[in-house]
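Q: Predicted structure and sequence below. I'll ask about it afterward.
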Amino acid sequence: MNPSNYVILSAVLFTIGAVGVLVRRNAIIVFMCVELMLNAANLAFVAFARMNGNLDGQVVAFFVMVVAASEVVVGLAIIVTIFRTRRSASIDEPNLLKY
Amino acid sequence: MINAGAVVWAEGAPVLQEVMPATGVFSLIWLLIALPLFGAAVLLLGGRHTNKWGPYLGVLTVFGSAVIAVLMLLGLMARGAEERSIGQSLFTWVFAGRFEVNMAFQLDQLSLVFVLLITIVGTLIHIYSLGYMSHDPDKRKFFGYLNLFVGAMLLLVLANNYLLLYVGWEGVGLASYLLIGFWQIKPTAAAAAKKAFIINRVGDVGLSIAIMVIFVTFGSVTFSDVFGQAGSANEGTLTAIGLLLLLAAAGKSAQFPLQAWLLDAMEGPTPVSALIHAATMVTAGVYLIARSNAIYDRAVWAATAVVVVGLITIFMGAIIGSAKDDIKKSLAGSTMSQIGYMIMAVGLGPIGYVFAIFHLLTHGVFKAGLFLGAGSVMHGMKDQVNMRRYGALRAAMVVTFVTFMAGYLAIIGIPPFSGFWSKDEIIHAAFERSPIIGGLAILAAGITGFYMTRMVAMTFFGKARWEDDVHPHESPAVMTIPLIILAIGSTFLGMALLFWGNIETWLEPVVGFATAKSPISTTTTIALSLAFVIVGAVIGWISYARREVPIVAPRGSWLTRAARQDLYGDAVNESLVVRPSFLLSRVLIWFDSRVVDGIVNGSAAIVGGSSGRLRRYQSGFARSYALSMVGGAVFVLLALVLVRLS
Amino acid sequence: MNGEAWVFWISGGFAVIGALGLVLSRKAVHSALWVAFTMINLAILYVANAAPFLGMVQVIVYTGAVMMLFLFVLMVVGVDSSDSLIETLKGQRLLAIVFGLGLAGLLVFGIGNGLMNAGSVGLDEANAADGGNVQGIARLIFTDYLIAFEATSALLITAALGAMVLAHRERWTARASQEELSKQRFLSGVHPGNLPTPGVYARHNAVDTPALLPDGSISLESIPRPLEARGDIRAIDHHEVNEVKEIDAP
């Protein structure tokens, strides 16, 4: 099994996540798409680790998970705060920072 | 000759004097200048609180300077001829690399005669103004300006370097501007002031460039340094400096081709005309050239140009003076003409410098007297200046008449009046240079006789042509006493300076002196010039005293009409300078508004417009930003792939 | 096709389907479930990729913790809030798809181009060096990546504190005491006591039988509101009321 297949799969998942970020407006779904993109990157790391024959890639993927977990905690707190003040979870709503 | 170092072309050039330190009374040199400037500051800054006593303070400060000047004269006379150049340095004024200029003064024989002329005539005119301006609401301001003028003029003649001289030069220009336009409610006065100022600027440009060239050539602007090294510069440079200084002198002294402002300058109050535009400021050009004799003595072409300019102006002034009906303008033409004599004389080299200064002194006194006399006449005639409205005033104004006659005899050069001695010496010296120059000078002397006789005849003789409500009366004592003093000066100053004061030996250490080797003898010169003067005077007498003078001026010959138009000086300026300037301005305005502003505004509009459009991309939508990020990533990837593939 | 290929194609296909489901679902809850599905499949792929430790962590951290957190927040924000699928930004969707296709195409092309002939070393040797995958990762984390690991601990603490700060709502007034709450309840004008139970003074005690008031009329408050809305109220006629009186008569 050629590990490059995993990398291509990771690219496909990453792209789907990116498109999701671009087209969805619900902040939570956008956030989940970001998570998907992170996971796709992790998959690539794991595949690369296997290709190169050392565990550094897996360690990095592990760190990505830790950071992603922290990020989810803070990000969701932000979403909740925004929802509390604006009664909406749409990311198009907070668009005051503009021209 | 070029690059070989200039040689002295004329005999009798002076050796540079050693400068003595200022001791005793001479340590007060600065006070000469400071007193009038102090007066000006008090009068101009003090406002109307000084209205009451301000004019008297103005008179006192100038009088104080005059006293100091007389003390210095005595001090200098007590010294040996070689110790009469005194320097006083107050502080370093400009210090920039090699360029160092001190606030320093130089009092020598040349400066001193100017200081005496300025302060004594200045004092007399200040006193006269007390009467003349007594009813003017802005009397205080007038005296403030006069003091400013005296201070600046003293700075001009006492400076020991060209830059400080330039300060005085501009200062007198400013004072002249302010005083010509003193009655600025009159549009003609305001215009005349502007005209004088602008034409003077042309000359000032010449002086400033001359100073730059002097600094570049000699590395200093101090007189002693410059004149000491004058022999080392090549003749071309010296000629350039000489011509530039001549331009400056022409502007300040109303010489051809910058003569047009002086006639209009008569819009100012008469004491101003007497002090600034007859006796002192307009002679600054003569001073400048005489002071720079070391340069002109080594630049024969520059000196020749000086002679030519002087000669042209002699005739222009004389012709204009013959045609004008306005008494002050006629006198102004006469002033131009007389200064033309001086300029011509300084162009003659060491044979002329002394007599130029001599004539300057006598002219300063008698022309001031004439102007003040004219002012006195105007004062009694309700400010009427048209001589065709005068006539038969000799009985109504006895003192004015007598003093005016003294000035008249002095200016046309009747012995033993002072003008005779100075003018004939100049004519005599002119013959050495060329019989043509001498002949023209004598001819001009004849015209002087004509126009002055015309003036006297129209004013004091003939029938009364007064306007109905005019009752001529003699002026108050405060005005007649200066007139009397100046008349005494007009009568005796020439003899006093020549025989008792030995003006040649007095000035020789500064400007040099050589006896003219004329092809004709002194006696012949005197006889010739007297003959011409008398012929001119007789013609004038016959035309204007014996015949009826029409109140409305007749059409006159083409020359008269041209002279009434100031020999088309304004028209020439208009067509040669003003119109092309307007045209150039229009082109520049068009260029500025279309091309320069077009580029500037266009680029601003491009930036503004594109910013306005780019701004729209700052929509505030996080998804739009994310889209551009993804787009960017795609393009980076594309570029990478393309690079790898190629 | 060997075993790993089967795993790859099946789990990989499921992961892609889950990802598409995430993007295409209308409701956020469905999206969350799709993500969970994708992540489980990814965990399987990790295991297949000789990363059993990461596979487990993936399941625990992502599918367990992170996705539950998402669901909690969805409860807060509102499960029902479905996204309108009409795009409001002009050209956003079209450009997103174009860029997405471009990105995918370029990535796949680039990776395929670059890794086409890349061999795979395999992790057997690396795992064997420390006696297993977990030991190997542990050695790396606590030796080479120690500082980064310690930094992530600080990051986690900070994130927890940050979440608390962000989600914390400031209390501006003192908490109301029980007495105050009680007074408030009575002052509000709402019926303070129990509502009448159905079936009182009736022959039926079914939930659709309204209670009778002393004057013989029925109390609508005794009927559950959904029944009332549906009109499922048992009819009670005046006979019965009279009969009640008779019954009550001594």
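A: Right, received. Where do you want to start?

Q: Chain B contacts on chain A?
A: A:18, A:21-23, A:25, A:91-92, A:94-99 (Cβ under 8 Å from any Cβ of the partner chain). Using the backbone N, CA and C atoms, a C-beta is placed for each residue, glycine as well.

Q: isn't there a helix covering C:S11?
A: Yes - assessed by DSSP: H, G, I helix; E, B strand; the rest coil, C:S11 belongs to a helix.

Q: Please verify my assumption that it contacts C:L45.
A: Yes - counting by Cβ atoms under 8 Å, C:S11 does reach C:L45; the two are 5.2 Å apart.

Q: between those two, who's got more neighbours?
A: C:L45 (28 against 21; other Cβ atoms under 10 Å in any protein chain shown).

Q: if I pick B:W9, what's in contact with it?
A: When contacts are counted by Cβ atoms under 8 Å, 6 or more residues apart in numbering or on different chains, B:W9 touches B:D297, B:R298, B:V300, B:A303, B:G349.

Q: Just give the closest residue to the third one, not the sequence neighbours.
A: Using Cβ to Cβ, 6 or more residues apart in numbering or on different chains and skipping the chain neighbours, the partner closest in space to B:V300 is B:W9 (4.5 Å).

Q: Could you find which two of the contacts of B:W9 are furthest from each other?
A: Spatial extent of these (Cβ to Cβ) is set by the pair B:R298 and B:G349 at 10.4 Å.

Q: Pull out the buried positions in the host helix or strand of B:T453.
A: If you go by DSSP states H and E, B:T453 is part of helix B:435-460. Going by neighbour count (16 or more other Cβ atoms under 10 Å in any protein chain shown), the buried part of helix B:435-460 is B:437-438, B:440-460.

Q: So what are the sheet partners of the longest strand belonging to chain B and their directions?
A: Secondary structure of chain B per DSSP state E: the longest strand is strand B:86-96. In the sheet, strand B:86-96 lines up against strand B:20-21 (parallel), strand B:99-107 (antiparallel) (DSSP bridges).

Q: List the buried residues of the very next helix or strand once past the shortest one.
A: So the one you mean is strand B:20-21. Sequence-wise, the next helix or strand downstream of strand B:20-21 (DSSP H and E) is helix B:29-45. Within helix B:29-45, the residues that count as buried by 16+ other Cβ under 10 Å are B:29, B:32-40, B:42-44.

Q: which strands and helices sit next to helix B:29-45?
A: helix B:54-78, strand B:86-96, strand B:99-107, helix B:139-158 (3 or more Cβ pairs under 8 Å, 6 or more residues apart in numbering or on different chains; DSSP states H and E).

Q: Not counting its neighbours along the chain, what's nearest B:H379?
A: Leaving out its chain neighbours, the residue that sits closest to B:H379 by Cβ to Cβ, 6+ apart is B:S475, at 5.2 Å.

Q: Specify the local secondary structure of that neighbour.
A: coil.

Q: Run a quick neighbour tally on it.
A: By other Cβ under 10 Å, neighbour count at B:S475 equals 22.

Q: Quick check: chain neighbours aside, which residue is closest to residue 91?
A: In the absence of a named chain, chain A is used. A:A27 (4.7 Å).

Q: wait, I meant chain B there
A: B:F91 sits nearest to B:M103 (Cβ to Cβ, 6+ apart), 5.3 Å away.

Q: so who does that neighbour touch?
A: B:S89, B:L90, B:F91, B:T92, B:W93, B:L164.

Q: Just the closest of those residues to B:A429, please.
A: B:L164 (31.1 Å).

Q: hey, C-alpha coordinates of stretch B:82-97 in CSV?
A: Extracted in CSV, the C-alpha atoms of stretch B:82-97 (Å, rounded to 0.1, in the frame of the first residue of the first chain):
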residue,chain,number,x,y,z
GLU,B,82,47.7,107.0,7.4
GLU,B,83,45.9,106.4,10.7
ARG,B,84,42.5,107.4,9.6
SER,B,85,40.9,104.0,8.8
ILE,B,86,39.4,102.7,11.9
GLY,B,87,37.7,99.3,12.4
GLN,B,88,35.3,98.1,15.1
SER,B,89,34.2,94.6,15.3
LEU,B,90,31.2,93.8,17.6
PHE,B,91,30.7,90.1,17.2
THR,B,92,30.8,87.3,14.7
TRP,B,93,27.6,87.5,12.8
VAL,B,94,27.7,84.6,10.3
PHE,B,95,30.0,81.7,10.8
ALA,B,96,29.6,78.8,8.4
GLY,B,97,32.7,76.8,7.5
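
Q: Report the buried residues of it.
A: B:R84, B:S85, B:I86, B:G87, B:Q88.

Q: okay, now the nearest residue to the first one once chain neighbours are set aside: neighbour count?
A: So that's B:R84. In space, and not counting its chain neighbours, B:R84 is closest to B:L76: 5.0 Å by Cβ to Cβ, 6+ apart. Using other Cβ under 10 Å, B:L76 has 20 other residues around it.

Q: quick check: longest helix of chain C.
A: helix C:92-115 (DSSP state H).

Q: Any residue of it touching chain B?
A: Yes - using Cβ under 8 Å from any Cβ, helix C:92-115 reaches chain B at C:Q92, C:L95, C:A96, C:F99, C:G100, C:G102, C:L103, C:L106, C:L107, C:F109, C:G110, C:N113.

Q: and the fifth one, how many neighbours?
A: Put plainly, it is C:G100. If we define neighbours as other Cβ under 10 Å, then C:G100 has 22 of them.

Q: same question, A:C33
A: A:C33 has 24 nearby residues by other Cβ under 10 Å.

Q: show me the contacts for the nearest residue to B:T237 once chain neighbours are set aside.
A: Distances taken as Cβ to Cβ, 6+ apart put B:T217 closest to B:T237, at 5.3 Å, once the chain neighbours are dropped. Taking Cβ under 8 Å, 6+ apart, we find B:T217 in contact with B:A233, B:T237, B:I241.

Q: Show me which of those residues are buried.
A: B:A233, B:T237, B:I241.

Q: Check which helix or strand the last one maps to.
A: Secondary structure assignment for B:I241, by DSSP H and E: helix B:235-252.

Q: Columns pLDDT on top of the buried residues of helix B:29-45, output as a markdown table?
A: Converted to a markdown table, the buried residues of helix B:29-45 look like this (pLDDT from 0 to 100):
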| residue | pLDDT |
| --- | --- |
| B:I29 | 86 |
| B:L32 | 88 |
| B:I33 | 90 |
| B:A34 | 90 |
| B:L35 | 91 |
| B:P36 | 91 |
| B:L37 | 91 |
| B:F38 | 91 |
| B:G39 | 90 |
| B:A40 | 90 |
| B:V42 | 89 |
| B:L43 | 87 |
| B:L44 | 87 |
